[in-house]
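Participant: Here you go, sequence then predicted model.
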Amino acid sequence: MTTLHDLIRDHLRRWQSGWSMGTFGAIAEFHQDRDETPVIDDGYGLSRATRRGAIHIDRKRIDQIVPIAYETLSPRANRWSQAVALCMPDAMARRAARAELTELGPDDRAIRGIDRTGILFDMGLSLPQCDFCIRTSDPRLLSVLRANLGRSLFEPGNGTMHAILAAHPHRVALTNIGRIEVFQKIGGPDTGGVSPAGPHTHVLPKLLKAGRTHSANTPIPEGLMPLASLHPGNPVISPMGEDTAFDPALHRQFQDLFAAYGQPEFVRLKSALLTALRRGDRPESFAVPGGRFERGVVRLALRQQARLAEHLHDAELLRQIADWQRVHDQRRDAEDEDDDQPGH
């Protein structure tokens, strides 16, 4: 069986797989293009860097990681999201959760050697499982940052965030299992109001106020905290977020991950549903547990089967799925539907 180390190593090299670190409202993402040449490709040390960003997973902490594979509904009935959350027990996952801008010193552990003279500053976002930092050697920005140490970036009259947005320093998300670094510009006026393609970050103060460690639609078991997420290639959504034709190979690959790392009760429920479909059972005879995540598993599985039936041009299976969806996917649970933006 593939080890977690090997799984991470293999997906670091897959251009369709994306990664994220952070929390609800502050996220750093690492993505690659199909033919993008890495500047660092260390499969043993689990490091990968391009000219636009970098990621490192600490191989010494692999045995402490609890992987949780999950799928989430989309507001669009023809698609869904999927991920493997790399979790730790709550007590092992927590970081400093600083609430003020704090200078941490030279970034001696930067993934690229060229970045190790840059100075790290924790932005002070009070994140429980991630120190969300910026890294810079820009004298003007350093002067502004050091003049505002010990203050909240969101304090009225504090212009530090404006200086950060204007200077576009590197962003570095630090967790107890590794880091993601983003070298590209911050999404805003200088990028046409959108995040650049590839590695990028989001800091959304309104979402940060919720104080969540992850989206309420992400089924992370009690007592665990997600420190990073692997987003394998999606069978219906391109890496740029566009609808695509159903890819059965990508679908099978994630179903294998779901079987290996999904929560057992959800794996059993999905398996029971697929068995009932194969037997030709009537949808009214299938008892769905009352939990919102359980209802989501059933709704999502039916949507996947519909896309598979379309791909196979199987009109009879499509008719069968439509009957099941009339009973079990009536969009009663809009709160279960995610926004197709993993980790936000």
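Facilitator: In hand now; what should we look at?

Participant: any low-confidence regions in this protein?
Facilitator: By pLDDT under 70, the low-scoring segments of the chain are 1, 331-344.

Participant: Make sure I have this right: K206 is in a helix.
Facilitator: Yes: judged by DSSP: H, G, I helix; E, B strand; the rest coil, K206 forms part of a helix.

Participant: ok but G290 is inside a strand, no?
Facilitator: No: assessed with three-state DSSP, G290 is coil; it does not lie in a strand.

Participant: can you tell me how far it sits from P219?
Facilitator: Counting by CB to CB, to the nearest Å, the separation of G290 from P219 is 15 Å. Just so you know, the C-beta spots here come from the backbone N, C-alpha and C atoms, and that holds for glycine as well.

Participant: So which of the two has more stuff around it?
Facilitator: P219 (23 against 7; other CB atoms under 10 Å).

Participant: Would you map the strands across the stretch 201-344 of the chain?
Facilitator: 224-231 (DSSP state E, counting those that start in this stretch).

Participant: sorry, that was for the stretch 1-150 of the chain
Facilitator: 18-23, 26-30, 40-42, 47-49, 53-57, 66-73, 80-89, 102-106, 119-122, 131-136.

Participant: To what extent is A91 buried, counted in neighbours?
Facilitator: 8.

Participant: if I look at it, how far off is K60?
Facilitator: Taking CB to CB, one finds A91 at 18 Å from K60.

Participant: One more: L273?
Facilitator: For L273, the distance to K60 - CB to CB - is 40 Å.

Participant: okay, these two: which has more neighbours?
Facilitator: Ranked by neighbour count (other CB under 10 Å), L273 and K60 place L273 first, with 21 against 9.

Participant: OK, contacts around that one?
Facilitator: Applying CB atoms under 8 Å, 6 or more residues apart in numbering, we find L273 in contact with F286, V297, V298, A301, L302.

Participant: hmm, back to that, and the strands of the stretch 1-150 of the chain as TSV, adding mean neighbour count?
Facilitator: Formatted as TSV, the strands of the stretch 1-150 of the chain follow (neighbours: other CB atoms under 10 Å):
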stretch	mean neighbour count
strand 18-23	27
strand 26-30	26
strand 40-42	14
strand 47-49	22
strand 53-57	26
strand 66-73	22
strand 80-89	23
strand 102-106	14
strand 119-122	23
strand 131-136	23
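
Participant: Many thanks, we can stop here.
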